[in-house]
Every structure is written in structure tokens, then in C-alpha cells.
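Trainee: Below is the sequence, then the predicted model.
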Amino acid sequence: MPKSSAPPETDSASDGDPKSHFTKAMEEAKAGAQALGKEAADKAGEYREKLNQSGDEFAEQARTKSDEAKDKAYDLANEGKDKASKAMSDLGKLVEEQGDAVDDAVGDKYGEYVRTAGKSIQDTAAKLDEKSFEDMGDDAKEFVRKSPALAVGMAAAAGFLLARLFKRN
């Protein structure tokens, strides 16, 4: 029998056919890429979750610090208000005590003005001491509503005085 020049038919996967090896390698590469993609997505999800938790923790810490700062500022403002009202009261007493000296130097009428001014300063200090910051804020808003021009003028004068005070230093 004559020999045939055609190769005998065999299973292509078992005989080392390059095309089948390439196809098999591509399928394995696709499966590996899919597995890596899933793993990367899982890791990204874990990191996203950790980041969200960290963000929530930072936000909570910021809220806590903000509340602490507000409380501290409120306490310091109350302390400053108390000191200011005490200083005003002391000034009022000092002015009132000078009434007798003004009586002797200028006359009884002017001495009475000085005593009235001293008493007025003391009364204002007492009102300041009794009021809360919320009440003072409401009073300031009402004052600005009733007399906006006067409020702007007073703010400008205060700004001018502060500028002069800091300019000297």
C-alpha cells in the first residue's frame, strides 16, 4: 500500500497543535484577567468603605471640635461680658463719687449731672450683666432696624477709632 502524504487524523489538543495551545492560553488569560478584575473591584470596594468610614470619623471629630470651640468661645465671651459690666459699674461709681468735687468746683447743678451720669453708667452695667448674648443680639438687630443710619455711623466711628488705635502701635 502506498503511503499517504496526508497526516493521520488525531486529536489536535493532544498532538500539540499551536492554534489550540494559543486558544487555550487566551481563554486562561481571559479567566485570569476576569479574576484579577473581580479582585481589584473587591479591593477598591474595601478601600472605598474604609475611606467613607474615615471621612465619617473625621466629620464627627470636626463636629465635636466645632462644638467644643463654640462652647469655649461662649464661655470666653461671657467672661468678657462680665468683666466689661464690672468695669462699667466701677467707672460709674467713680464718676458718681466725683459729683461732690464737681459741686465744689463748678456748682451743684453740674455735680448732679455727674452723679446722674455715674448712676446711668451703673444702670447700664447692671442691664448688660443681666442680658444673655441672644438678648443682646436681638436688641442690636432691633436697634439697626429702627435706626439704620445711626447704626452705620456708629460702626464707622468705631472702625475709625480702632484704626487709629492700631495705627499708633
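Mentor: Received the coordinates, thanks. Just so we're clear, the structure is a prediction, and the values are computed from it rather than from any experiment.
Trainee: So what's the residue count around F166?
Mentor: 8 (other C-beta atoms under 10 Å). Every C-beta, even on glycine, is put in place using the N, C-alpha and C of the backbone.
Trainee: so how far is G32 from it?
Mentor: Per C-beta to C-beta, to the nearest Å, F166 is found 71 Å from G32.
Trainee: next structured bit after the helix or strand E28 falls within?
Mentor: Using DSSP states H and E, E28 sits within helix 18-97. As assigned by DSSP H and E, the chain's next helix or strand after helix 18-97 is helix 99-105.
Trainee: for that following helix, packing partners?
Mentor: helix 108-130 (3 or more C-beta pairs under 8 Å, 6 or more residues apart in numbering; DSSP states H and E).
Trainee: packing partners for the helix it packs on?
Mentor: helix 18-97, helix 99-105.
Trainee: and of those, who's closest to D139?
Mentor: helix 18-97 (13.4 Å; C-beta to C-beta).
Trainee: Please state the offset of the closest one from the chain centre?
Mentor: Centroid separation between helix 18-97 and its chain, computed with C-alpha atoms, centre = their mean, to the nearest Å, is 13 Å.
Trainee: Number the residues from 8 up from this point.
Mentor: All right, first residue 8 from here; so that's helix 25-104.
Trainee: quick revisit: out of the helices and strands packed on helix 115-137, deepest packed?
Mentor: Among the helices and strands packed on helix 115-137, helix 106-112 has the highest mean neighbour count (mean count of other C-beta atoms under 10 Å), at a mean of 14.
Trainee: And A156, how close does it get to F167?
Mentor: A156 is 16 Å from F167, by C-beta to C-beta.
Trainee: between the two, who's got more neighbours?
Mentor: F167 (10 against 7).
Trainee: separation between that one and V159?
Mentor: From F167 to V159 the distance is 13 Å (C-beta to C-beta).
Trainee: Same check on S27?
Mentor: Between S27 and V159 the computed distance is 90 Å (C-beta to C-beta).
Trainee: For G118, which non-adjacent residue is spatially closest?
Mentor: Once flanking residues are discounted, G118 sits nearest to D110: 3.3 Å by C-beta to C-beta, 6 or more residues apart in numbering.
Trainee: Which pLDDT value goes with that neighbour?
Mentor: Here the pLDDT value assigned to D110 is 85.
Trainee: my guess is it contacts Y120, does it?
Mentor: No - at 10.4 Å, D110 does not count as touching Y120 under the criterion of C-beta atoms under 8 Å.
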